[in-house]
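> Below is the sequence, then the predicted model.
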Amino acid sequence: TALNEIEERIRGLEAGADDFIAKPFSDDLLAAKIRSLLRLKQMRDDVEAQRADFTNMIVHDLRAPVHNILGLSELLQEGLTGDAASLRLLELLDKSARKLDRLAAEFLDLSRMEAGRLKLNLHPTDLVALAGAALDHFRSASPGKKLRFELYAPGEPLVLEVDAERLDHVFTNLLQNAVKFSPAGGAIDVTVQPAGAGARVTVEDKGPGLPAGDEEAVFEKYIQRDPRQGGVGLGLYVCKAVVEAHGGTIRAENRPNGGARFVFELPRESPDGASGKANPEE
């Protein structure tokens, strides 16, 4: 820039510039400045990579004993068929362990996304079957509220090139939210339908709906619809990242007759470069 006053330099740096070079300038000075900034960038990248590796290691090690707890809980439940009190305690233990596992998975996905290392393992997948499996899990895992789960879908498979494990995580988060905010005896509806060359999935509940103006904010990091419901506010943020990694879109809205509606759309094929097997150790 031709601006050379100290006030202009301060304004430029405060506006976000990494450096400020006034004309006329020396080629050697410009090259030295660039080398200096590149070194700083490399240092920041190295620190971020180390932080991501450390987070991955901690979360990975944490999930192993949690999975052991879940496995032992299932074995104990099978052996205590006549002891209602003990079974109830084991159900609570199982529920808490699954919640801890979900939180660990969300932190792991967050770390990968922020480090640019979230890769998709794409395979032809039937979205109808994927949605049905997720609903079957919640039917058996949410007996207390006596919720009704309904799937509306074509009578034939709807196959897309997607990462089935990641999309199952999206279904799980959206259904978990719907269960949290649904009244006892309420209904949760999931619709899977073709949309252009891809597909559209809708998850609806009959709960209180979204606060006015929060339709976009619910997808931000650490935002919770109701802090009293627990969690750390990463579920919907991860959902958005996974859907967008597939080249799709996701939105939230209130139903006209009450309740919340989450809609995500996926293309037939994910963007080039999105494919690739994720490292199971990450």
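The structure has been received and is ready for your questions.

> Tell me the helix or strand right after the lowest-mean-pLDDT helix or strand in the chain.
Least confident helix or strand, the chain: helix 84-114 with a mean of 76, by mean pLDDT, DSSP states H and E. The first helix or strand that comes after helix 84-114 along the chain, using DSSP states H and E, is strand 123-126.

> if we look at that next one, which residues are touching it?
By Cβ atoms under 8 Å, 6 or more residues apart in numbering, the list of residues contacting strand 123-126 from outside reads Pro157, Leu158, Val159, Leu160, Glu161, Val162, Asp163, Ala164, Leu167. No exception for glycine: its C-beta is placed from N, CA and C like everyone else's.

> which of the residues in stretch 209-220 are buried?
Gly209, Leu210, Val218, Phe219 (16 or more other Cβ atoms under 10 Å).

> what about the biggest helix by length in the chain, distance to the chain center?
For the chain, the longest helix by residue count, based on DSSP state H, is helix 27-79. Chain-centre distance of helix 27-79: 17 Å, with Cα atoms, centre = their mean, to the nearest Å.

> Just want the angle from that helix to helix 84-114.
160 degrees (axes from the mean of the first three to the mean of the last three Cα atoms, to 10 degrees).

> So which other helices or strands are in contact with helix 27-79?
Packing partners of helix 27-79 (3 or more Cβ pairs under 8 Å, 6 or more residues apart in numbering; DSSP states H and E): helix 84-114.

> Any stretches of the stretch 51-200 of the chain with poor pLDDT?
53, 55-56, 60, 81-82, 111-118, 141-144 (pLDDT under 70).

> Now intersect the contacts of strand 123-126 with the helices, please.
Among these, the members falling in helices (DSSP H) are Ala164, Leu167.

> Could you identify the most distant pair in the contacts of strand 123-126?
By the measure Cβ to Cβ, Pro157 and Asp163 form the most distant pair in the contacts of strand 123-126, at 17.3 Å.

> In terms of neighbours, single out the busier of these two.
More crowded of Pro157 and Asp163, by other Cβ atoms under 10 Å: Asp163, with 25 against 12.

> Show the backbone phi and psi for that one.
The phi/psi pair for Asp163 (degrees, to the nearest 10) reads phi -90, psi 100.

> residues contacting it?
Residues near Asp163 by Cβ under 8 Å, 6+ apart: Leu120, Asn121, Leu122, His123, Val242, His246.

> would TSV of those with neighbour count be doable?
Converted to TSV, these look like this (neighbours: other Cβ atoms under 10 Å):
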residue	neighbour count
Leu120	22
Asn121	14
Leu122	19
His123	13
Val242	24
His246	25
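
> rewinding a little: the least confident helix or strand of the chain: how far from the chain's middle?
With Cα atoms, centre = their mean as the basis, helix 84-114 stands 15 Å off its chain's centre.

> From the contact counts, what lies against that helix?
Helix 84-114 packs on helix 27-79, helix 164-181, helix 235-245, going by 3+ Cβ pairs under 8 Å, 6+ apart.

> neighbouring contacts of the shortest one?
Applying Cβ under 8 Å, 6+ apart, the external contacts of helix 235-245 come out as 102, 106, 109-110, 113, 118, 120, 163, 166-167, 169-170, 173-174, 176-177, 218-223, 249-250, 252, 264, 266, 270, 274.

> Next, the buried residues of it.
Buried residues in helix 235-245, counted by 16+ other Cβ under 10 Å: Gly235, Leu236, Tyr237, Val238, Cys239, Lys240, Ala241, Val242, Val243, Ala245.

> Report the beta-bridge partners for Val192.
Counting by DSSP bridges, Val192 forms beta bridges with Val201.

> Next, count neighbours for it.
Number of residues near Val192 (other Cβ under 10 Å) recorded here: 21.

> now swap in Arg261 and tell me
Here the number of neighbours of Arg261 (other Cβ under 10 Å) works out to 20.

> swap in Val203?
Residue neighbour count, defined by other Cβ under 10 Å, stands at 24 for Val203.

> Make sure Lys145 is actually in contact with Ser182.
Yes - when contacts are counted by Cβ atoms under 8 Å, Lys145 is listed as touching Ser182 (6.7 Å).

> These two - which one has more neighbours?
Neighbour count, other Cβ under 10 Å: between Lys145 and Ser182, Ser182 has more, with 21 against 12.

> quick one: the more buried one from Pro208, how far?
The spacing between Ser182 and Pro208, counted by Cβ to Cβ, to the nearest Å, is 10 Å.
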